[in-house]
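Novice: the following block contains a protein sequence and its predicted model.
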Amino acid sequence: MPGGRLTQQERQQIALGLADTLPYAEIARRLDRPTSTVTREVMRNGGPNAYRADLAHRATERRAHRRPVSSRGAEPAPLPHGRDAEAVAEYEETFTTVLMGSGLPKMTARVLTCLFTTDAGSLTASELAQRLGVSPASISKAITFLEGQSLVRRERDERRRDRYVVDGELFYQATIASARANDKLVETTRQGVAILGADTPAAHRLENIARFLDFISESIIRAAEQARAVLHAKPE
């Protein structure tokens with residue numbers, strides 16, 4: 001399996017595969033590349049609907065030229081637990097790409113990835129800005145979005161600094177909130193049943209939608225309650 005950067009010809013093949021609505025795994029198989037490589041390439045260059053091979057290639061070259069060159073003899077600080085810095089960086093980029101594919105903006109996905117992959121599970125705004133090499137304003141905007149989605153919570157440390165925390169319990173809360181978001185839609189569709197006439201085709205359609213959403217929401221909430229303990233399980 002080849003490694004290294006994607007070539008311009010490979011990017012053109014990715015563009016052709018996307019035009020043919022091929023799944024990432026199939027495009028990757030044809031290139032003899034990991035699926036994560038293709039996914040990351042597409043998501044960091046506009047997504048499946050806006051990907052352009054020539055633009056992606058030029059953007060990659062620009063990013064390569066902007067990377068700072070380490071001073072002679074300088075070595076990066078070793079990561080804890082003997083982790084491979086290159087492997088960690090690759091994983092963080094892949095994780096960010098997957099989060100972007102689920103609908104998160106790029107900076108928001110980077111912040112969430114950073115929080116997930118730190119052992120403490122919490123960082124201050126200044127620590128996030130330093131790790132990601134961005135402005136505090138960018139961090140603030142991303143954190144505001146994540147707090148609104150119940151994906152992070154804010155705590156004060158002993159120095160009275162805000163720390164942003166991510167843990168399994170937040171995923172439970174976000175899952176419950178997502179299931180409850182259907183409640184208003186269920187209520188509205190059932191209002192339509194009464195207005196349109198219970199025995200009409202339109203009312204039947206709305207009632208079936210309401211029943212479907214009700215079932216899905218109840219199933220998600222029940223499953224979340226049953227699986228909640230998994231989020232707090234200790235490694236064996």
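Specialist: On my side now, so go ahead.
Novice: now the residue nearest in space to the middle of the chain, nearest residue through space, not along the chain?
Specialist: For the chain, the residue sitting closest to the mean C-alpha position, by CA atoms, centre = their mean, is residue 99 at 1.3 Å. The shortest distance from residue 99 to any residue other than its chain neighbours is 3.7 Å, reached at residue 109 (CB to CB, 6 or more residues apart in numbering). For glycine as for every other residue, the C-beta is placed from the backbone atoms N, C-alpha and C.
Novice: so who does the residue lying closest to residue 37 once chain neighbours are set aside touch?
Specialist: Spatial nearest neighbour of residue 37, excluding adjacent residues (CB to CB, 6+ apart): residue 28 at 6.6 Å. With contacts defined as CB atoms under 8 Å, 6 or more residues apart in numbering, the neighbours of residue 28 are 34, 35, 37, 38.
Novice: which of those has the largest number of neighbours?
Specialist: residue 38 (26 neighbours; other CB atoms under 10 Å).
Novice: the nearest residue to residue 45 once chain neighbours are set aside sits in which helix or strand?
Specialist: For residue 45, ignoring the flanking residues on the chain, the nearest one in space by CB to CB, 6+ apart is residue 56 at 3.9 Å. Taking DSSP states H and E as the definition, residue 56 sits inside helix 53-66.
Novice: tell me which element the residue nearest to residue 99 falls in.
Specialist: Assigned by DSSP H and E, residue 109 falls within helix 106-117.
Novice: also residue 175?
Specialist: Assigned by DSSP H and E, residue 175 belongs to helix 168-180.
Novice: about what we covered before: CA atoms only: put the helix or strand following the helix holding residue 56 into CSV for me.
Specialist: Scanning forward in sequence from helix 53-66 by DSSP H and E, the next helix or strand is helix 85-101. Backbone C-alpha positions of helix 85-101 (Å, rounded to 0.1, in the frame of the first residue of the first chain) are rendered in CSV as follows:
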residue,chain,number,x,y,z
ALA,A,85,4.0,12.1,17.8
GLU,A,86,3.4,11.5,14.1
ALA,A,87,0.8,8.7,14.7
VAL,A,88,-1.0,11.0,17.2
ALA,A,89,-1.1,13.9,14.7
GLU,A,90,-2.4,11.6,12.0
TYR,A,91,-5.1,10.3,14.3
GLU,A,92,-6.1,13.7,15.4
GLU,A,93,-6.5,14.8,11.8
THR,A,94,-8.5,11.8,10.9
PHE,A,95,-10.8,12.3,14.0
THR,A,96,-11.3,15.9,13.0
THR,A,97,-12.2,14.9,9.5
VAL,A,98,-14.8,12.4,10.8
LEU,A,99,-16.3,15.0,13.1
MET,A,100,-16.5,17.4,10.1
GLY,A,101,-18.3,14.7,8.1
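Novice: so how far is helix 85-101 from its chain's centroid?
Specialist: Distance of helix 85-101 from its chain centroid, counting by CA atoms, centre = their mean, to the nearest Å, is 10 Å.
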